[in-house]
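> For reference, the sequence and a predicted model appear below.
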Amino acid sequence: MWFSNLICYRFKQETTYIQDEFEKALEQDIFRACTSQELSSFGWTKPLGKHGQSLSHFSQNAILVCAKREEKVLPASVINELLAEKIEHIEAEENRPVKKKEKDELKENLLHSLLPQAFKKSSLQYAFIDLEKGWLIVNSGSFNKAEELLALLRKSLGTLPVVPAFVNYDLGVFLTSWLTEFNAPEGFAIGQEAELVDPTENGGQVKLKQHDLASDEVKNHLTNGKVVTKLAFDWQERVKFILQEDGSIKRLSYSETLKEENADIPKDDMAVKLDADFILASEEIKQLLEELIASLGEPENPIG
């Protein structure tokens with residue numbers, strides 16, 4: 001339940017969900033394993049796994065959901081090798097070149113014949129809805145994958161009036177200003193990792209890790225026109241993270257002090273522990289985001 005990457009959205013209007021109705025909505029798109037001829041399958045599964053009974057976990061004004069993806073693994077190299085063999089055989093037997101349309105048909109037939117024997121791999125994608133402040137947080141480092149989960153949720157619920165949380169802010173300007181002045185918002189401290197980019201065509205890029213970001217070297221890069229696209233922060237000495245100019249938050253790490261708050265819950269009562277960890281992590285994330293948004297002020301030209 002400890003989200004490690006955040007793609008953040010906010011509801012455009014006050015929204016409430018009733019647990020029974022929400023559960024029935026998700027049941028329409030429950031995960032089912034790939035059939036013999038399907039390349040992939042995507043649907044809802046129990047967020048507490050074998051320790052839960054439902055597709056949605058309601059707890060303290062928050063809803064935890066989990067989508068499962070199953071994909072068939074068909075390496076392109078294998079397909080291409082078999083396809084080349086078939087094409088070579090046809091050209092030799094019939095003494096003619098194989099044209100593109102026929103090649104495409106051969107490839108399609110190969111895929112269908114190999115799909116039933118293909119290996120499967122699966123992955124889980126978690127998200128939570130905060131009913132109090134109107135956040136929707138996806139545990140993902142990719143906007144594309146987050147949007148896939150949102151599309152599934154929108155399909156199940158019929159509507160999902162959310163927008164990216166930082167759509168109204170030019171975060172690159174804030175990141176560059178904070179590092180140039182080496183003055184993070186109250187409650188935040190600048191860490192030791194950053195990425196700077198020269199915005200001109202074919203401009204250079206500088207990646208800094210375990211680096212003193214207050215050094216003259218970094219100041220020179222900023223003076224010479226580089227802008228900050230990623231910057232590490234430490235929030236309240238409880239959570240460390242990387243904030244990117246696109247609004248994604250990467251590599252969250254939680255302090256041991258925070259994690260130990262639920263250490264006294266016995267592991268044989270895993271459902272209780274998972275719920276407690278979800279409450280602890282989601283409340284921490286919400287507070288972090290509220291303070292981060294507050295530090296940005298009111299947007300000049302709000303969208304959505």
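Nice, thanks for sending it over. What you see is a predicted model, and the numbers here were worked out from it, not measured in a lab.
> Just give the nearest non-adjacent residue to Glu27, would you?
Spatial nearest neighbour of Glu27, chain neighbours left out: Leu55 (6.5 Å); criterion: C-beta to C-beta, 6 or more residues apart in numbering. Where you see a C-beta, it was placed from the backbone N, CA and C, and this is true even at glycine.
> Can you report how many residues lie near the closest residue to Ala271 other than its chain neighbours?
Of all residues not flanking Ala271 in the chain, His51 sits nearest, at 4.3 Å (C-beta to C-beta, 6+ apart). Counted by other C-beta atoms under 10 Å, the residues lying close to His51 total 14.
> Give the full set of residues in contact with His51.
270-271, 274 (C-beta atoms under 8 Å, 6 or more residues apart in numbering).
> Leu26 versus that one, what's the distance?
His51 sits 18 Å away from Leu26 when distances are taken as C-beta to C-beta, to the nearest Å.
> How is Asp246 assigned, secondary-structure-wise?
Using DSSP: H, G, I helix; E, B strand; the rest coil, the structure places Asp246 in coil.
> okay but it is in contact with Ser142, surely?
No - Asp246 is beyond contact range of Ser142, at 10.7 Å (criterion: C-beta atoms under 8 Å).
> Confirm Gln13 sits in a helix?
No - the assignment for Gln13, made by three-state DSSP, is coil rather than a helix.
> That one - how many residues pack around it?
Neighbours around Gln13, by other C-beta under 10 Å: 7.
> same check, this time on Glu132
Glu132: 10 neighbours (other C-beta under 10 Å).
> The helix or strand hosting Lys240 pairs with which strands, parallel or anti?
Using DSSP states H and E, Lys240 sits in strand 239-244. Looking at strand 239-244 with DSSP bridges, its partner strands are strand 227-235 (antiparallel), strand 249-254 (antiparallel).
> quick one: contacts of the longest one?
With C-beta under 8 Å, 6+ apart as the contact definition, strand 227-235 has outside contacts at 172, 175-176, 178-179, 184, 187-199, 222, 240-245, 250, 288, 291.
> can you list the domains in this structure?
What automatic domain parsing lists as the domains of the chain is 6-74+117-164, 76-111, 171-296.
> tell me the mean pLDDT for the second one?
Going back to what we said before, that points to domain 76-111. The average pLDDT within domain 76-111 is 89.
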